[in-house]
Structure formats: structure tokens, C-alpha cells
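# Give me coordinates for this.
(2 chains)
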Amino acid sequence: MNEVADEPVNLTIALAGNSNVGKSVVFNELTGSNQIIGNWPGKTIERAEGKLHFEGRDITVIDLPGIYSFSTFSMEEIVSREYMANEKPDAVINVVDASVLERNLFFTLQLKEMEVPMVLCVNQVDVAKQKGIMIDTEKLQDMLGVPVVSAVAVRGEGLHELMEKTLDVAQKKPQVKVVPYGAEVEKRIKILTDIVESENLNLNYPSRWVSIKLLENDPEIEKMVGSRSESILDLVQSLAHEIEEIHNEPVFSVIASERYSLANQIVKNTQIQSETKLTFSEKLDMIFTHKVWGYVMAAIVVGGLLLWTFVVGSFFSGLLSNAFSFFQPTDPKVSGSMTAILWNGAFGGIVAGVTLVIPFVIPFYLMLSAIENSGVLTRVAFMLDSFMHKIGLHGKAIIPMILGYGCNVPAIDSTRILETKRERLLASFAITFTPCAARTIIILGLVAAFVNIWWALALYAVDLLVILVAGRMASKVVPGESTGLIMELSSFKVPSLTAMLKQTWARTKSLIYLVFPLYIIGSAGIQALYAMGVLEPVSNALAPLTVGWLGLPAFAGILLIFGVVRKEFTLLMLVTLVGTNFAAFLTPVQMIVLALFSMLFLPCISTIAILAREFGWKSTGYVSLANFAFALVIGGIAFRVLTPFF
Amino acid sequence: MVKSSNLKKHYNNCLNHYKYKTEEIVTKKNAKKHLKRMHRKRHKLSFFIQSLLNFNGRNNGSDTCSADTLSNDLSPCSDHIPKRCTNCALGCEEVGKLEDNLIPIIKLEEHQKAKVRFIKGDYKVIRRLLDMGITTDATISLIKSAPLNGPVEIAVRGSKLALGREIASNIFVELSDQKMKVKN
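Prediction:
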């Protein structure tokens, strides 16, 4: 609405670079609170967009996902390069980590090949200095042919200069200087570029980039070019073959090697490395990856995260539910008029969401983002890699699985960090067994409160065992390929509080959008069904299972049906049926079996929905069936084994 | 369609062939694993022969078998490599040149420096390794090897990477000091 400025030009700039270089910190510093976090159209890759007003101009800033290369091996890479080609930002800020310059420049060189107007932001120069690394930015600017600014984004240093140079580049759009490869490769790239140019293929990508990608055997570009001109592909074949003959290696490897040797040369000329003592980060690293202490630290991190969540969560949950019950009782209502029942159910859904999801999930996500951003979580993944192999996964899968302790739904969503579909399914399957905040409440409210805390902890131990056994079995039957662990261990750093808060808010928000509607509709619906008396016969039909096999009272069937909608509803329903003194109606064994069974037996509706979205109904069916089978076997055994003890 | 009993017979034939060809199958467990891998590969090959090549001969099973053994003989990831390719039934790739003096990363001692010379494994894995800076002329050093057959931590081009055991055992390096000795 600002039409006072004489030249109201809107500009778009994008932030690109490797993961963990402080891109998001730069983004937060630039855009402040004016941010929208959403997904790329049609894809579930996070897209952060912010606004910035600088020197009389409205600038839109896009934070691209962190990637190492412009190939096609992950959705992030495809999204990023399509963005560059199709939406043509006015300028790109390439954020690089000053202490890992060589690896970062590998990406910079590829960005230059995309021929976008760009500025290089050498970030975290303070950390680099501690490691004895000094970078001559002027020389770097000369060698790369793009403006270079050094910065310490967490403290906002250098960002004003960065924006000035970016604005300059965005307006002038200077020609990007070509970085030549070795003579044999360069000659063939030229030949191909000329042909691509003369064929007038009408591609959004620059011709030279297309030629390099064709030589690198890029499937997407091959398809794109092949549909327009078959003959080029034949030429690519023969040129690629020539290069392979000369270098005795596949072209993609030759090109990668040459890019890296260029990066290496630039680093040699612009970086001074002096010897330093071990930094604090390196000392920490030695503890976190130590053959004994590493496991201790991993246990402390995971256990501490959960303990923190329980303690902080139950405190706030108590406060909030007191506040809510002040307005309206939220116990499930099963008699009266239909509107009243539906309203009560829907209201109960909202209350459960507010009192349960928010107090447990926010502290959990907050602490998790601290663990994530500090670099601790990658060390835990490193230490637990060999355990994860037992269930057909690798170390990185520990990250979504820990997330599962908060809520299974975003945890399954985050399995996208794994490479193959098989791994994503295996991890999601394991996640359905991890006790989320809601299931934790059942365990705490039933077993810890009325039996004792040790039995509650024993349930967690049993659960870990179930994950191991079920995961192992699943890894034998789920088809597809698995990859190994390839993960960067970036140095430890103090996480930025704003970044943590933003990440927590983004995660909580997406959870609210995802879970709340189902909570509300689901709990209203099932409550209505119960009031209509539909559930009673079902519960009776379940009696052989609940009473005969599991040794539970007859009303347990209803509890479990409610538990499918929302796990903690099992407990709420129990309160409605028998009051708060469970001990009068359930024996300790029944409490343990009920908690155990409801922990394992079926994923809740929201989890089923996201499983179906990610893997289809067939896989979801198998997962649910496996959950049910495990719960039955273990519940039945527990009933029989535990009875003599009490 | 190839009858499964028919295929089974051919597995047995091939298994004997394998036994004769390689000494790798010593234990029963190993043989079982091998058979499973073969089973998958055969299945894909027979599908390829039947539907893609439009070949519907009666000896489909045995053709599959011989095609398989043939491809095994020619396969880049067979015999001459110190350890057989294990995780690359499909899209196996190798870069660099394998020589006798090379050792896999996992055999390095902590803080020992070496030059990468040869990588084999899944195509995607190799591409990812190259992107991360593990090219066939990169200098790396082993920082840490996690216990219990865990991953290794290496330093390459100023960054630190965690690599799964299997991937690390397929990256072969030349010791820097060894090369000096040769020069002298």
C-alpha cells in the first residue's frame, strides 16, 4: 500500500546454501516477524517466506531448503532448482559457512552455473576465527566474480552491507562469469551448449547448465530435452563416452572432482589456516562420540528430553484443564439431547487439544529444537546407528522416532528426511509404537498414579523391546531398498533462541491444523454413536478379547474404541464410567494391561490419516493390523504373567 | 510365467555353481543370505527377459540363471574387489581405480590421513558421497570409529561426516605415507 515512493519496485530475493550454515538465522534477522511458513505448491517441502522493507523497497525473501547439490536425489534439490528456473528471483544470497568453505563453494559453483544474479554471504566468520581460519573476502570476490560479504548473522553483523550489495545486484543483474572446467570437459560442454542453443529448445534453464546436466546423466533434464529433440541425447551419449574414455571414470564423477578441485584452488588462495588448540566444540564432540560416554550422553539427551516434557507438560496441562473446567465440565457426556452430546464432544475435542497437545508438545518441540540446532542430535544419531540397523534403518531415523514421543503425526511427517520409501515406512511403523504425549498420560494417570512409578517405567522398557522386535520383523518383509548413513556432523553451537521459537511455533501450528479438526469431528462423532447405543453391542462383541483374553472388565471395550479417536480419551472415558478412584474398579494387573494394550493396539485416527496420506491405505492397513496383533499378544501374556505377582 | 518350482531347481543348480565358483559360501547362514539375494535378482532378470525382451522360451529359468552367472562374471563389482559388493543389487556403480595397496576407510586408524582412490556401491550413494566432497582425489582422515560395528566419523575438505559402516567399507583409500615410501 506504500505508493508514496516514486519507484515502487517489488523485488524477490532467495536464500540458498548448504544445511546448517545459518541460512534461517539470516532469514530471521532480515525479515523479523513478517513471515509465512507454508509448503511449496503441491509438495510437502517447507517454504518460508518473509517481507523486508529496505531503502524504500518492498522485498520478498524466500528461504530455500538447505542442499548440497542441484541433482535430483531429494525433493529439496528439485524444488530449489525449479524455483531458480521458473520463478527467477531478482537475486540469490548464497550463505556459506566460513569454516567449511571448500564444501560450501562446491554448491556456490553450481549456483553460478544456474546463471542467477548472486551475492555470497560468508557467515559465521567468528566461529571460523576460533578455529584459526581467516578468509580474504576481497580475493574471494575476485576469484568468484560475485560480490562477497562476511557476516555474523546471529549478531546481525554484516547484514546491512549484505542487503546493499544484494539490492545492487538485483537491480543491475550483472553477467555471471563462467567458471571453466578442465580442457577436455570444457571443450565438450561448449560443443553441447552450442547445439542446445541452436536447437532453440525453449527451456527455462540456461543452455550451459542444461549441457552440464545432460553430461552428468540427470534424468529430469534428459527427459525434458529428449521430448523436444532426440538427436541431442545421441550426441550427449557420444560426448559422455569420450570423457569417460579419457578419465576412465563416469562423467558425473569427473565433473564432481573438477568442481571440487576448483573449490579447493579458491580456498587455497583465499583462506589462511593457522594451528589452534582444540576448540570447545571439538572437546564436546569427543565426549558425545566417545565409545562409552557417547552412549551415556545419548541416553541423557533422550531421557532428559522426555523427562522435561513430562514435568513441564503435566504442570501446564493441570493449569489449563483447571481453567477450562471452570467454564464447562469436559467429561464425556453420553445422555441428553443430540445437540448437547455433539457440542460436548466437539468441545471436549478442543479442550483435549488445548490441554494436552499444547502443554506437552510445545516444551517438547522447544527442547527438541535446542537439541537439533546445537548439533547434539546428529551425535545421538551417530551413536545409535548400529542399533537402528537392527530394524532396517540408519542413525538419522532416530530423529523422527524421538519426535514420535511428542506426537506421532508430525513424526511420521518428518520421516521425509530419510532417503527411501522403505525406510520411511519402516520408521513410521516404529513410530506408531512410540508412546506419544497422549499415551504417556494414560500410563502416568493409570499405572504411575495407582500402581507405582516403576511399573510405568517398565511399560516404557517393554515398549522399546516391542519397537525392536516389531521393527526387526518389519524390516524382513517390507520390500525396497535401504541406504546407509551419510550425515554431516557440523560443529556444536549455541542455538539461537529466535530460531528455536520460530521452529517450535511452525511445528505446533502445523500440528494444530492437522490434528484439531479430526479431534473435534472425531470426538463429537464417536460420542454421538455411543449415545445412540451403537457402541454397546460392539463392546459386547469385543468381550471375548477384552474379558476373555486380556482379563479386563467388560466396559474396557468402550474405552478402547474411544481410544482410537484420541488415545487419552481412554482415560477420560474411564473417569465418566467409574469416577476418579480407579482402584475400586480395576485391579493393578488390569490397569497395567489396559495401559499396555492402549499404548500399542491401534494408531489414533490422526495417525491413520497421515499414514494413509504418505503410504496409501494398504500399508496403513498392514501397520494397524501389526499394531493390533502385537498389542493382543503382549497384553495377553502380561495378564497371565503378572497375575501371580499381585 | 516361470513356475516357481522350476525356478527353485535352477536356484539349486546355480547355488552349486556358486559354491564351486566362490569360496565365500562357507556357513549355512551365508548360503541362505546368498540364495535370497540371488532369488531377488533372478526374479528381476526373468521379468526382464520375458517382458522387455519379449522372450518367452521354455528354458526361461535356465536362461535367467545363465544370464545371471554371466553378468556376475562380467559385473564390475565382482571378483577382483577385496570385498564383494553387498548392497548394490541394482544400480551398482564404481568410480576410481582399484589397486592392491588400497584399504577401506574402516581399516584406517584414528587420525590417520589417506587419499580416496576407489568407491563402489549404489549409484545414489556414490552421487551423494561425491556431493559431500568424497571424490577420488580427496584427502580424508578418520576421526572416530563408533563401537559395535557402528558408523565412522571422517574429516573431508574441512567438514566432518558420519558414514555408515557399509558405505565406509566400500570407500578405498591410499595411505599418504605409504605413497611417500614408494616414491623414495
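# Give me the contact list for stretch A:579-590.
A:446, A:450-451, A:455, A:551-553, A:574, A:578, A:591, A:594, A:638-639, A:642-643, A:645-646 (C-beta atoms under 8 Å, 6 or more residues apart in numbering or on different chains). For glycine as for every other residue, the C-beta is placed from the backbone atoms N, C-alpha and C.
# Among these, name the buried ones.
By neighbour count, with 16 or more other C-beta atoms under 10 Å in any protein chain shown, these hold A:446, A:450-451, A:455, A:551-553, A:574, A:591, A:594, A:638-639, A:642 as buried.
# Tell me the pLDDT of the one residue in chain B that gets nearest to chain A.
Per C-beta to the nearest C-beta, residue B:164 is where chain B lies closest to chain A, at 3.0 Å. Note on residue B:164: pLDDT of 92.
# Next up, the contacts around residue A:504.
A:362, A:365-366, A:369.
# Does the closest residue to it other than its chain neighbours lie in a helix or a strand, and which?
Excluding the flanking residues, the one nearest residue A:504 by C-beta to C-beta, 6 or more residues apart in numbering or on different chains is residue A:365, at 4.3 Å. Using DSSP states H and E, residue A:365 sits within helix A:358-374.
# CA atoms only for that helix, dumped as CSV, please.
C-alpha atoms of helix A:358-374 as CSV (Å, rounded to 0.1, in the frame of the first residue of the first chain):
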residue,chain,number,x,y,z
ILE,A,358,-0.2,-27.7,23.6
PRO,A,359,1.3,-28.0,27.1
PHE,A,360,3.1,-31.3,26.2
VAL,A,361,4.1,-30.6,22.7
ILE,A,362,5.4,-27.0,23.0
PRO,A,363,8.0,-27.7,25.7
PHE,A,364,8.9,-30.9,23.8
TYR,A,365,9.4,-29.1,20.5
LEU,A,366,11.2,-26.3,22.2
MET,A,367,13.8,-28.6,23.8
LEU,A,368,14.0,-30.7,20.7
SER,A,369,14.9,-27.7,18.5
ALA,A,370,17.6,-26.8,21.0
ILE,A,371,19.0,-30.3,20.8
GLU,A,372,18.6,-30.2,17.0
ASN,A,373,20.1,-26.8,16.3
SER,A,374,23.0,-27.2,18.7
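# Can you classify residue A:96 by secondary structure?
Assigned by DSSP: H, G, I helix; E, B strand; the rest coil, the conformation of residue A:96 is strand.
# Could you measure from the nearest residue to it once chain neighbours are set aside over to residue A:606?
Sequence neighbours aside, residue A:104 is the residue nearest to residue A:96 in space, at 3.7 Å (criterion: C-beta to C-beta, 6+ apart). Going from residue A:104 to residue A:606 by C-beta to C-beta, to the nearest Å gives 39 Å.
# what about the two, which has more around it?
residue A:104 (26 against 23; other C-beta atoms under 10 Å in any protein chain shown).
# isn't the residue of chain B closest to chain A right up against residue A:396?
No: taking contacts as C-beta atoms under 8 Å, residue B:164 lies outside contact range of residue A:396: 9.7 Å.
# in chain A, what residue is nearest chain B?
residue A:484 (3.0 Å).
# Test my guess that that residue contacts residue B:167.
Yes: contact criterion C-beta under 8 Å: residue A:484 and residue B:167 qualify, at 4.1 Å.
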